[in-house]
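Asker: Please find the sequence and the predicted model below.
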Amino acid sequence: NAGVTQTPKFQVLKTGQSMTLQCAQDMNHEYMSWYRQDPGMGLRLIHYSVGAGITDQGEVPNGYNVSRSTTEDFPLRLLSAAPSQTSVYFCASRGFDRGGGYTFGSGTRLTVV
Amino acid sequence: GQQVMQIPQYQHVQEGEDFTTYCNSSTTLSNIQWYKQRPGGHPVFLIQLVKSGEVKKQKRLTFQFGEAKKNSSLHITATQTTDVGTYFCAGPPLDSDTGKLIFGQGTTLQVKP
């Protein structure tokens, strides 16, 4: 049981490049979310999804796109990378079980130069 | 939009001392969740509180959810070096779907042996 798998673990981009951060879960969870973590800022919600075909914006959605074509996958696309998007990105998922919290992936450390 | 504040931002304690972190939301929450992140790791779910005034214990950790469902606290009795990490509270607003989980900035705990 792999849980939440994020790839790549590390990435360096040049300003203006685009890329997709991959996230997959094998727990049949309905909810999936993307967060970015910057020093002193905690975890800020970028986009989230409550099921396949349904996505919504979080606190800091600008510059990012998501789609949820399957229950398992929730990729995060950076359209035109900027240095301000240098961060650690976490994907997380949870089921409808009201007693459970989110399971996080191990993160992607992204540097934009 | 919803804001979740945590205090203190940092806490250094001697091993064996108690520790408390406080969480305050600008809006009423449907539930409050607590996570722990070890240095270099990803957040790990600890517990969820749902009812107004609820208190839950996990060994040396005591979690409380305020009567108005806008604040919460985590208290650790007799800290150990294994308690080192950053503790986050998070909650979805009462008037939104529970997929939108907003995190506080976290409290980083250092324990001196």
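Answerer: Cool, got the structure.
Asker: Need the contact partners of stretch A:87-94.
Answerer: A:4, A:6, A:21, A:23, A:25, A:27, A:29-38, A:43, A:46, A:74, A:76, A:100-105, A:107-110, B:42-43 (C-beta atoms under 8 Å, 6 or more residues apart in numbering or on different chains). Glycine gets a C-beta too; all of them are placed from N, C-alpha and C.
Asker: Could you list which of those residues belong to strands?
Answerer: Under the assignment DSSP state E, those contribute A:4, A:6, A:21, A:23, A:25, A:31-38, A:43, A:46, A:76, A:103-104, A:108-110 to strands.
Asker: Write a ChimeraX command that selects only the buried members of the residues you listed.
Answerer: Applying 16 or more other C-beta atoms under 10 Å in any protein chain shown to the ones in strands among the contacts of stretch A:87-94, the buried members can be selected in ChimeraX as follows:
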select /A:4,6,21,23,25,31,32,33,34,35,36,37,43,46,76,103,104,108,110
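Asker: what subset of the ones in strands among the contacts of stretch A:87-94 is also close to chain B?
Answerer: A:31, A:33, A:35, A:43, A:103-104 (C-beta under 8 Å from any C-beta of the partner chain).
Asker: Turn the residues you listed into a markdown table, columns for distance to B:Phe63.
Answerer: Shown next, in a markdown table, are these (distance: C-beta to C-beta, whole Å):
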| residue | distance to B:Phe63 |
| --- | --- |
| A:Tyr31 | 22 |
| A:Ser33 | 22 |
| A:Tyr35 | 22 |
| A:Leu43 | 19 |
| A:Thr103 | 19 |
| A:Phe104 | 19 |
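Asker: Appreciated, that's everything.
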